[in-house]
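Chemist: heads up, no residue letters with this:
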């Protein structure tokens, strides 16, 4: 946790330093030329580690510099699930079912570069360490035998790469963003797997 | 900007490969309730491949794992067993054991899960689960939620069988009980193990003593593991025609139903079969039978069943092929009966088919004792066999007890005058062990005495010497046997009361005869006395001692029986010498050969040996009766005591006990305390006397408890050894004729005369005497007859003694009883269905000349209880008539409380004629008629009547050749009167043994000072005994006491008269002495000097007696007691 705090402070410091490099004015590109931005988004996520597709939603809060660089923190949440049936001679009946819910709250400080030279369209790409706060719930699935849920929690750090496009609309911009993320997970419930996923979200970004 | 981007990329990459931070799991809270079952086995159960233990609880939640991997696993709650206490108890507490559970390999897992409320684990033998009472911990996968059930599960080991008892059975005729020994036999509630015998199962019955409870929180009650159980196999469960082995396993009750795996087999035997019995007859005294057939098992016994009376073989030997059994029977069958011969195998089966073979019983001898019953195999030993009857020339054999071989034939000889006895020689080198003794006589019958002789290879009693080590065949020889107290273990066992002594001819040959000593008496653990009987064959003997407990001693070449009479010493004058050179003494006796030598054996006052030399001044002078001896006493100190020995050239010797040693002033030795009397006595009479020459005693007679009104009618005695050491006092049941105190006593031969005194009511004119009983004058049990009857004794060891009783007219023992005979032992054999009536036969007691004692009225028979120790004999019964010389003991008489009279006892006291006048506290003395050595006189001199009188009476007594004394019909009143009538005075007897100043057979009687009415008077006077017994006139020439005394002890010896205590008629501890002047009866002017000794007690009205060099001072009033039990000894 201390490691995460240190990284966040460092990124914010870097962001503040970059803000001093912002330039002069022209037609507002995307959500804006520079300033504090707030983004809300929702979409779908396709995990690569074995869990099923799920909904993902999140918000970004950052500051865009005049020179195209932007800094911010993104928070996303998703809860992919998985279930199955297995054979095990130790269990009465020889089989059991299981159901896994993998709750993931992700926080990612990021740095992003916005290409403002395309007018109302502002493509951007970013990168940042992704902090996964994981919570696995595993229990029996429907039918017998049934057993209660066991909860398992952990925190992991991964990486996220947002790639998006701002399209000026109203006071802000509509965005479409493809987020590529990757992180490890090693719960007893999950086994040795990862949180790698691709998510595609739509949202709206305001810049002040 | 570029650097900012680079930093962002680095941080993102670092996050992608970071291991992450914290992890945490949380399962539902778990709880447990119970396990089922509570008992399990750690091996494979009989009914299933493994044991399963189910755990009941809640929230026992498994956890799917690796759900995102290709191979998913289910993590079950973990089960861990922690040992609370090991089984078996005392074992090692094993480390906690987690039940094997590998989610990746469920097939190998021992854990099973049914639901969140129920899971289980399996116990497989291959897991080698430790055994014990376990606590069970169940822990959910989060490794935090756990629950424990404490002590609810006992994992027990499988049972093991180590042995079966018996290992073989025969169930043909009866239910059989088989004990199964081993371990881990489980019992609980009403559940018990099952024992499978072949294809049959039997419930096990616990041996409660071999079980141990298992503690735990079990639903089952009384859970215990046993090491021994039994089963009952019903009659006829197994039908076999030949020995058949069947496997035996034990299965514990479910759920811990493991079974033993050892290869243990029970042999099922068919019953034995008898085809022939040889011979077809048996003898009543015992016999041997050879039984042929098949199926006989080692350990089989043979029983003769005579109309329901069953006689079991004392031994039986089965041939290896089981087709023949040789059996030996002791006595028990009744002649004329036809009896079944039954073979009983050790498995309990009797021979079949019926009927049994039969034999006929014929008459024959019965052997009932072998004497000695224990022999040492280092020498040839003659053993006397006692039988009921012996016909013709018998054959005597011995075989190890219970065996038929090897047979040792003993050379046996007849016992002269004892047709029912044989002496048999047990040869040296015979192997140690117990032996059955068989005697086969002319009738062809064999009598067997099972375990009749025990041969030992180790001597456990060590004897030092026999004194004397020889004896004359012409007379009885009293001997003392000393144990070697320095002997090392294991040969350091002491003598025990009841020990037997045997003279066994050295290098005994077939015709040699062993001689049992008679009158054997136990003095203490180191000394025995006995008498070698007259007529013992002249030869050299080994001495064998056999204690009642079977310990044995052997002293080789211990004793010589000789043809010539050994020296005998009657007197030594003086009997005391000074501790200086050139002490001359005169030894008078008999059988002194020319060339006889003299020697001394001395001890000092402390009992330590001291060397002193002596020579015979005139080796051949004095003929065969007298020797003048010069003693070098310079090496001796005052208080030493010497036993003088005259040794003939043939090494035979005679001894005299004892010569005392004084200092140059002739002072007496320092008094030494003796043993305590059983009764405190004042004004008692004291005497000393011998039962035999080796058995000496000192007597305390009558007296009172402090005043004459408490006069006593009891007496007591203590043994005294050669060196004057006093033993424990014994009060016999014989009483005085009346209460008597303030009397006077003398001992003449074996008779004690007790004269005058006070009977508690005042002075008396009565007198009495008693004979010291001799162990040689007793009945002799010569024979015994055993008869089979319905009434009789149980089998066992009995010891008999017989005493004679005498009528009122007997002058030696009126209405009295003799000492009892030597012990006669009878080992009554077992007679099934009948008992033994024992008939004792004895001979009348005879005197030393061989004449039957007169006036016998009958006999008393004493016997031990069954297997009682020697010395514990009690009155069994009595018979009337001198010629009734047998007694039948049919077991119907109860033992009484009276015991035989102890050695040292006197016969009943004979009332003598009354004195002419009553005399209390008289002087009493005796003297041989100077003209007739066969006569002597007992004198009663002066005394209170009730005031002092100066007269005297004397009683003539005649001595017969056999030593018997006949008193005259009346006392004779003396014609002379003492001028100073007095009482409580001493009357000294002075002869040539006292001082050489007295010539020939003369005797002087000195009267000391005493109480003259209300005052004391120190007058000392003397009178000489005249032919016919009258005293001459009292000569007042002897010097009077320089200080008054009364009630004192006296001794006349060593040319002196001594007075002990009684100064001023009060308790005092000093002594004074007078010496004879040149002419009798005068005393030297310095007489009555203080002797310079201090008695151990101040005494007044004490008893005093002299035996050789020893002065015994008994009881009296002391400085602290009105009457005392204390005694002391002074050597003069």
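Modeler: Everything's here; your move. Here the structure is a predicted model, which means the values were calculated and not measured. Numbering: from 1, shown residues only, chains lettered A, B, ... in the order given.
Chemist: tell me which residues touch residue 29, please.
Modeler: I went with chain A, as the question did not name one. For residue A:29, the contacting residues are A:114, A:116-122, A:166, A:168, taking CB atoms under 8 Å, 6 or more residues apart in numbering or on different chains as the criterion. In short, each C-beta sits where N, CA and C put it, glycine included.
Chemist: meant chain B, my bad for not saying
Modeler: Applying CB under 8 Å, 6+ apart, we find residue B:29 in contact with B:59, B:145.
Chemist: go through the contacts of residue A:29 and give me the one with the most neighbours.
Modeler: Of all those, the most densely surrounded is residue A:166 (30 neighbours; neighbours counted as other CB atoms under 10 Å in any protein chain shown).
Chemist: got the contact list for stretch A:140-148?
Modeler: By CB under 8 Å, 6+ apart, the list of residues contacting stretch A:140-148 from outside reads A:83-85, A:91-93, A:96-99, A:139, B:27-28, B:59, B:61-62, B:64, B:113-116.
Chemist: if you set the cut-off to 6 Å instead, what comes out?
Modeler: Taking contacts as CB atoms under 6 Å, 6 or more residues apart in numbering or on different chains, the residues outside stretch A:140-148 that touch it are A:83, A:96-99, B:28, B:61-62, B:115-116.
Chemist: what is the end-to-end distance of it?
Modeler: The stretch stretch A:140-148 measures 7 Å between its terminal residues, going by CA to CA, to the nearest Å.
Chemist: mind listing what's buried in that stretch?
Modeler: Of the residues in stretch A:140-148, those with enough neighbours to count as buried (16 or more other CB atoms under 10 Å in any protein chain shown) are A:140, A:145, A:147-148.
Chemist: same check, this time on stretch B:503-512
Modeler: So for stretch B:503-512, counting by 16+ other CB under 10 Å, buried means B:503-506, B:508, B:512.
Chemist: and the helices in chain B?
Modeler: Shown for chain B, the helices assigned by DSSP state H span residues B:2-16.
Chemist: which sections of it are below the confidence cut-off?
Modeler: Using pLDDT under 70 as the threshold, the predicted model of chain B has low-confidence ranges B:1-22, B:285, B:510-511, B:513, B:519, B:618-622, B:666, B:787-788, B:829-834.
Chemist: domains in it, as residue ranges please.
Modeler: Split into domains by automatic domain parsing, chain B comes to B:31-156, B:160-268, B:273-362, B:367-456, B:463-562, B:568-662, B:674-771+B:909-1047+B:1093-1131, B:780-889.
Chemist: most packed of those domains?
Modeler: Ranked by average neighbour count under the criterion mean count of other CB atoms under 10 Å in any protein chain shown, the domains of chain B are headed by domain B:674-771+B:909-1047+B:1093-1131 at a mean of 22.
Chemist: now do the end-to-end distance for it.
Modeler: Taking CA to CA, the first and last residues of domain B:674-771+B:909-1047+B:1093-1131 lie 13 Å apart.
Chemist: circling back: of all the domains of chain B, which lies closest to chain A?
Modeler: With CB to the nearest CB as the criterion, chain A lies closest to domain B:31-156 of these, at 3.2 Å.
Chemist: any part of that closest one near chain A?
Modeler: Yes: applying CB under 6 Å from any CB of the partner chain, one finds that domain B:31-156 is in contact with chain A at B:61-69, B:72, B:74, B:106-107, B:109, B:112-116.
Chemist: what's across from residue 121 in the sheet?
Modeler: Since you didn't name a chain, this refers to chain A. Note on residue A:121: beta-bridge partners residue A:167, judged by DSSP bridges.
Chemist: actually chain B
Modeler: When bridges are called by DSSP bridges, residue B:121 pairs up with residue B:53, residue B:111.
Chemist: my read is that it contacts residue B:110, right?
Modeler: Yes: with contacts defined as CB atoms under 6 Å, residue B:121 counts as touching residue B:110 at a distance of 5.2 Å.
Chemist: so what sits against both of these two?
Modeler: Looking at what touches both residue B:121 and residue B:110 (by CB under 6 Å, 6+ apart), the common residues are residue B:99.
Chemist: what about residue B:664, how many neighbours?
Modeler: For residue B:664, the number of neighbouring residues by other CB under 10 Å comes to 9.
Chemist: you'd agree it is up against residue B:577?
Modeler: No: when contacts are counted by CB under 6 Å, residue B:664 is not listed as touching residue B:577 (10.8 Å).
Chemist: give me the most central residue, chain A.
Modeler: By CA atoms, centre = their mean, chain A has its centre lying nearest to residue A:76, at 4.5 Å.
Chemist: mind pulling up the pLDDT for that residue?
Modeler: The model reports residue A:76 with a pLDDT of 95.
Chemist: tell me the contacts of it?
Modeler: Under the criterion of CB under 6 Å, 6+ apart, the contact list for residue A:76 reads A:56, A:58, A:106.
Chemist: name the element the last one belongs to?
Modeler: Here residue A:106 sits within strand A:95-114, counting by DSSP states H and E.
Chemist: each with direction, which strands does that strand pair with?
Modeler: With DSSP bridges as the criterion, the sheet partners recorded for strand A:95-114 are strand A:69-78 (antiparallel), strand A:81-87 (antiparallel), strand A:121-139 (antiparallel).
Chemist: so for the longest one, mean pLDDT?
Modeler: For strand A:121-139, mean pLDDT is 94.
Chemist: ditto for the shortest one
Modeler: Strand A:81-87 shows an average pLDDT of 92 in the prediction.
Chemist: give the buried residues for it.
Modeler: Buried residues in strand A:81-87, defined by neighbour count with 16+ other CB under 10 Å: A:82-83, A:86.
Chemist: leaving out the residues flanking it, which one is nearest to residue B:73?
Modeler: Distances taken as CB to CB, 6 or more residues apart in numbering or on different chains put residue B:103 closest to residue B:73, at 3.7 Å, once the chain neighbours are dropped.
Chemist: so what's that neighbour up against?
Modeler: For residue B:103, the set of contacting residues under the criterion of CB under 6 Å, 6+ apart consists of B:73-75.
Chemist: now swap in residue A:48 and tell me
Modeler: Taking CB under 6 Å, 6+ apart as the test, what residue A:48 contacts is A:196-197.
Chemist: what's the answer for residue B:137, then?
Modeler: Neighbour list for residue B:137: B:80, B:146, B:148 [criterion: CB under 6 Å, 6+ apart].
Chemist: for residue A:176, state which of those residues is nearest.
Modeler: Relative to residue A:176, the closest of these is residue B:146; by CB to CB it sits at 51.8 Å.
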